[in-house]
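Visitor: Using only what follows, build the 3D model:
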Amino acid sequence: MLAAIGMASAGIAHAQAVAPQWHGYAELRAGSAGGDRSWLDGGLGKARFGDGSGEAMPAAALSMAWQLAPAWLASAQLQYQDGQREPFGVLDAWVRLRPVSTTPWRWSVKAGAFFPPISLENDGVGWTSPWTLTPSAIDGWVGEELRAIGTEFALEHRSDAATWRGVAAAFGHNDPAGDLLASRGWALGDMTSALNAELREPDVYAANARTTAPVVFRPFSEIDDRIGWYAGLSREGAGDSLLSVLRYDNRGDPTAWEMQGARKVYAWRTRFWSLGARGRLGEAQWLAQAVDGSTAFEPRPGLLLDTKFSAAYLLAAWERGDWQPVLRFDLFRARQLPDTLATPLSEHGNALTAALNWRPREGLRITGELLRIDSTRDQRALEGLSARQADLQVQVGLRVSF
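Guide: Numbers count the residues shown, from 1 in each chain. As a prediction, this is how the structure comes out:
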């Protein structure tokens, strides 16, 4: 499908010959954290760094937007993230048809690989946040495990009071979505998955997966040949206010599986509601979001392992000239059913993020961030750890954008 889109885009571009617009950034990040070993290293820590580690990690992203014709737009984003199993990769790539409208109504159709419209935080180049170095637990999960490869239809109505927007999409190639959320639980990190990504599960999960560590899987795979969908509605009003609701269902067949390396990877049946809001209160810009849903697979007939999950956050930011202080509070929970299992993969926790951004000139951002995560997860008993752990992480990031 993407090849066909590329051929069509090339034909339109040849006729129009409009130069693409390029944006990007390069970043150097240093961080240190105490607590459990990070999930990037196969541990059960909730932060990007862990176990007293501290290191500098470079990252970069490049975004291309090409107006092929007045009604046609092509977009793609590439990233480099040190610490990933595959540091280079494509984040998304799509073509959109949006005819020029002279009425309050406007429609569009997008096809390719793209992020479902869930995030209120990550609207920057490379699916990054302008607020913090570490996104919320919700957006950390979306960036790791969710991508729609298919078609999205959108319909807008614009007026002086507000803009209403409805979206509906059909997609595939996201069948394992939910695997990481169940096997590892929630985490707070900014390691966004490219389309060629392999994600690492906790080493302690190897016995459950009947394989040996390291345990990895490809999140953007088609396993059960079913079409998933999402649909949502949003209202954007005065003062940059926003209300949104979205329903996501990948329609996974929990009994279907494929071999990835030496292990079976299942099609998880993942579905959830997302509610979001944005507005201003005095001098503060605020964001709030909550998700609630479940993800399940059936490793043998009659044994449906169903993980109920939920998370929410509230973020506030203040503009102080070149300075921008930000605070965010997260809550998260996951409960595996049936809870009669010897070691159910259940958890609950909270996180507090405090960040300070300094932008002395256009294109330069220096951010300091403190993150504390307090979580209780039964799975830690398998590593001889206390179920309750606290992760404390400090980061400094230097980003140059263009």
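Visitor: burial count for residue 319?
Guide: For residue 319, the neighbour count with other C-beta atoms under 10 Å is 12. Quick note: C-beta positions are derived from backbone N, CA and C, even for glycine.
Visitor: Quick check: beta-bridge partners of residue 166?
Guide: Under DSSP bridges, the beta-bridge partners of residue 166 are residue 155, residue 233.
Visitor: Tell me how many other residues crowd it.
Guide: Neighbours of residue 166 (other C-beta under 10 Å): 14.
Visitor: ditto for residue 195
Guide: Residues near residue 195, counting by other C-beta under 10 Å: 18.
Visitor: Please apply the same query to the one 10 residues further on.
Guide: For residue 205, the count of nearby residues is 22 (other C-beta under 10 Å).
Visitor: next one: residue 83
Guide: Count around residue 83 with other C-beta under 10 Å applied: 17.
Visitor: pretty sure it contacts residue 40?
Guide: Yes: with contact defined as C-beta atoms under 8 Å, residue 83 reaches residue 40; the gap is 5.8 Å.
Visitor: Give the residues shared as contacts by those two.
Guide: 48, 191 (C-beta atoms under 8 Å, 6 or more residues apart in numbering).
Visitor: the helices in this protein, which residues?
Guide: 2-16, 137-145, 179-183 (DSSP state H).
Visitor: Alpha carbons of the second one, as PDB, please.
Guide: The reference is to helix 137-145. The C-alpha trace of helix 137-145 is given here as PDB (Å, rounded to 0.1, in the frame of the first residue of the first chain):
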ATOM      1  CA  ALA A 137       2.700   7.300  30.900                       C
ATOM      2  CA  ILE A 138      -0.100   7.400  28.400                       C
ATOM      3  CA  ASP A 139       2.000   9.000  25.600                       C
ATOM      4  CA  GLY A 140       5.100   6.900  26.500                       C
ATOM      5  CA  TRP A 141       2.900   3.800  25.700                       C
ATOM      6  CA  VAL A 142       1.400   5.300  22.600                       C
ATOM      7  CA  GLY A 143       4.900   6.100  21.200                       C
ATOM      8  CA  GLU A 144       6.100   2.600  21.900                       C
ATOM      9  CA  GLU A 145       3.300   0.300  20.900                       C
END
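Visitor: which ones are touching residue 345?
Guide: So residue 345 contacts 182, 183, 185, 307, 334, 336, 377, 378, 379 (C-beta under 8 Å, 6+ apart).
Visitor: Can you lay out those residues as JSON lines showing neighbour count, pLDDT and distance to residue 57?
Guide: Listed next are the contacts of residue 345 as JSON lines, based on neighbours: other C-beta atoms under 10 Å; pLDDT from 0 to 100; distance: C-beta to C-beta, whole Å:
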{"residue": "182", "neighbour count": "24", "pLDDT": "94", "distance to residue 57": "27"}
{"residue": "183", "neighbour count": "20", "pLDDT": "94", "distance to residue 57": "24"}
{"residue": "185", "neighbour count": "28", "pLDDT": "96", "distance to residue 57": "23"}
{"residue": "307", "neighbour count": "25", "pLDDT": "96", "distance to residue 57": "30"}
{"residue": "334", "neighbour count": "23", "pLDDT": "97", "distance to residue 57": "28"}
{"residue": "336", "neighbour count": "23", "pLDDT": "93", "distance to residue 57": "32"}
{"residue": "377", "neighbour count": "23", "pLDDT": "95", "distance to residue 57": "25"}
{"residue": "378", "neighbour count": "17", "pLDDT": "91", "distance to residue 57": "31"}
{"residue": "379", "neighbour count": "22", "pLDDT": "92", "distance to residue 57": "26"}
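Visitor: Next step: the residues you listed restricted to strands.
Guide: 307, 334, 336, 377 (DSSP state E).
Visitor: Going by distance to residue 202, which of those residues wins?
Guide: Within the ones in strands among the contacts of residue 345, the smallest distance to residue 202 is 9.8 Å, found for residue 377 (C-beta to C-beta).
Visitor: Report the helix or strand with the lowest average pLDDT across this protein.
Guide: The weakest-scoring helix or strand in the chain, judged by mean pLDDT, DSSP states H and E, is helix 2-16 (a mean of 48).
Visitor: Where do the strands of the stretch 1-150 of the chain begin and end?
Guide: 21-34, 54-69, 72-81, 88-97, 105-114, 148-158 (DSSP state E, counting those that start in this stretch).
Visitor: partner residues bridging residue 398?
Guide: Bridge pairing for residue 398 - DSSP bridges - gives residue 28, residue 366.
Visitor: quick one, what contacts it?
Guide: So residue 398 contacts 27, 28, 29, 365, 366 (C-beta under 8 Å, 6+ apart).
Visitor: how about low-confidence regions in the stretch 301-402 of the chain?
Guide: 343 (pLDDT under 70).
Visitor: Now do the strands in it.
Guide: Counting by DSSP E, counting those that start in this stretch, the strands of the stretch 301-402 of the chain are 303-318, 323-337, 347-361, 364-377, 388-401.
Visitor: how far out from the middle of the chain is the longest one?
Guide: On the basis of C-alpha atoms, centre = their mean, to the nearest Å, strand 303-318 sits 12 Å off its chain's mean C-alpha point.
Visitor: and if you look at the fourth one?
Guide: What separates the centre of strand 364-377 from the centre of its chain is 17 Å, taken as C-alpha atoms, centre = their mean.
Visitor: Just the buried positions in that strand, please.
Guide: 365, 367, 369, 371, 373, 374, 375, 377 (16 or more other C-beta atoms under 10 Å).
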